[in-house]
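Chemist: Predicted model follows, preceded by the sequence.
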Amino acid sequence: MIPRTLLAFAALLAACFLTGCSDPSAKLLGKWQLTASGGSNPLMAMAAAATKGDSEFKQDGNFSLTFKTPLGEQAFAGTWRFVKVDGQTLVVAMKATGGTENESRLEFTDNDHFTTIPFVASEGLKDIKLSFSRAK
């Protein structure tokens, strides 16, 4: 007969394994809808408010991102990789095709919503916040 303390320890170990050892970047996988807000310049703030988009993060390390702005549509594709977790923030390195790799901090409020700043942030974009909601 197995002692109860050993069974309790085994159950605790199994619970920790099932909840704590999963890949933290898995919550990023899938399709997302994008909205933008912010901008200290009134013109940039209006453009941000009118910006919509779609994004997809795939398990094979590829991503795509399409922005629809008042000035037209832009599409990006490239690769991403998990760097680390910092509380509710997922840090990933992203590299658009033909670009350089940049780290992005994705601040999750729950499993279906996160915010970030543009990973290609120029001086004019630094106050813009991108909000992502999981596509249904």
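Modeler: The structure has been received and is ready for your questions. Fair warning: this is a prediction, and the values are worked out from it, not measured in the lab.
Chemist: In contact with Glu103: list those residues for me.
Modeler: Taking Cβ atoms under 8 Å, 6 or more residues apart in numbering, we find Glu103 in contact with 83, 91-94, 119. Backbone N, C-alpha and C define where each C-beta goes, glycine included.
Chemist: what would those residues look like in CSV with distance to Asn111 and pLDDT?
Modeler: As requested, the contacts of Glu103 are exported to CSV (distance: Cβ to Cβ, whole Å; pLDDT from 0 to 100):
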residue, distance to Asn111, pLDDT
Val83, 19, 96
Val91, 17, 95
Val92, 16, 95
Ala93, 21, 95
Met94, 20, 93
Phe119, 21, 58
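Chemist: quick one: contacts for the most centrally placed residue in the chain?
Modeler: Nearest to the centroid of the C-alpha atoms of the chain, with distances taken as Cα atoms, centre = their mean, sits Leu106, at 4.5 Å. Residues near Leu106 by Cβ under 8 Å, 6+ apart: 28, 89-92, 114-116, 132.
Chemist: Between the residues you listed, which sits nearest Gly72?
Modeler: Comparing these against Gly72 with Cβ to Cβ picks out Phe132 as the nearest, at 21.1 Å.
Chemist: Tell me the predicted confidence for the closest one.
Modeler: For Phe132, the model assigns a pLDDT of 96.
Chemist: what's the neighbour count on the residue nearest to it when sequence neighbours are not counted?
Modeler: Beyond its immediate neighbours in the sequence, the residue positioned closest to Phe132 (Cβ to Cβ, 6 or more residues apart in numbering) is Trp32, lying 4.3 Å away. By other Cβ atoms under 10 Å, the residues close to Trp32 number 22.
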